[in-house]
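In: Pasting the sequence and the predicted model now:
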Amino acid sequence: TNGLFTLINGSVSTFGGTEAAGDFKSKAQGTINNVSFGNAKIRASYQDNCVNPKTDAWTYLTQAQPTLVFTGSQFSGVSVYTGSEDDQTNTCPVPAQDQTDAEAVMTSTTATGAD
């Protein structure tokens, strides 16, 4: 196998029925197809004092040949976040272009989920 996951025909919710966020982190590589969930959180990592991206879910999503792919899935929004720090242990800011790039490759559509 290639090590990539596939999530098909699912609905993600919290206990009580509200939509749960999908948090995609460093090793997240695969296809999410016809899955309904809340906010899609995409982690980005930075190195060299917050200047350069480091391999993480954001790079897998936005690279020329993406290995993290969302198709026919429904979500309430996309949020790129990081826990990376600069040399003074300040949290790196997420560049606006990184958020824009993630939103450009993720389109929420009506998903039937697991009904």
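Out: Ah, there it is.
In: For the residue of the chain most remote from its centre, what is the enclosing helix or strand?
Out: Relative to the centre of the chain, the most outlying C-alpha is that of Gln88, 27.1 Å out, by CA atoms, centre = their mean. Using DSSP states H and E, Gln88 sits within no helix or strand.
In: mind checking how far it is from Cys50?
Out: Using CB to CB, to the nearest Å, one obtains 10 Å as the distance from Gln88 to Cys50. In this view, the C-beta of every residue, glycine as well, is placed from N, C-alpha and C.
In: what does Val12 give?
Out: Distance, Val12 to Cys50, using CB to CB: 31 Å.
In: Can you read off the pLDDT for Pro93?
Out: pLDDT recorded at Pro93 is 97.
In: What residues does it make contact with?
Out: Contacts here follow CB atoms under 8 Å, 6 or more residues apart in numbering; on that basis Pro93 touches Cys50.
In: Surely it is within a strand?
Out: No. According to DSSP: H, G, I helix; E, B strand; the rest coil, Pro93 belongs to no strand; its state is coil.
In: how many neighbours does the nearest residue to Phe5 once chain neighbours are set aside have?
Out: Excluding the flanking residues, the one nearest Phe5 by CB to CB, 6 or more residues apart in numbering is Gly30, at 3.5 Å. By other CB atoms under 10 Å, 17 other residues sit near Gly30.
In: Gly30 contacts Thr6, correct?
Out: Yes. Between Gly30 and Thr6 a contact is recorded at 5.6 Å, counting by CB atoms under 8 Å.
In: For this protein, which segments count as helices?
Out: 57-62, 96-105 (DSSP state H).
In: Name the residues that touch the longest one?
Out: When contacts are defined by CB under 8 Å, 6+ apart, helix 96-105 is touched by residues Ile42, Ala44, Pro53, Trp58, Leu61, Thr62, Pro66, Phe70, Val78, Ser79, Val80.
In: Contact partners for the residue nearest the centre of the chain?
Out: Nearest to the mean C-alpha position of the chain, by CA atoms, centre = their mean, lies Ile42 at 3.0 Å. Applying CB under 8 Å, 6+ apart to Ile42 gives the contacts Phe24, Ala57, Trp58, Leu61, Val78, Ser79, Val80, Tyr81, Ala102.
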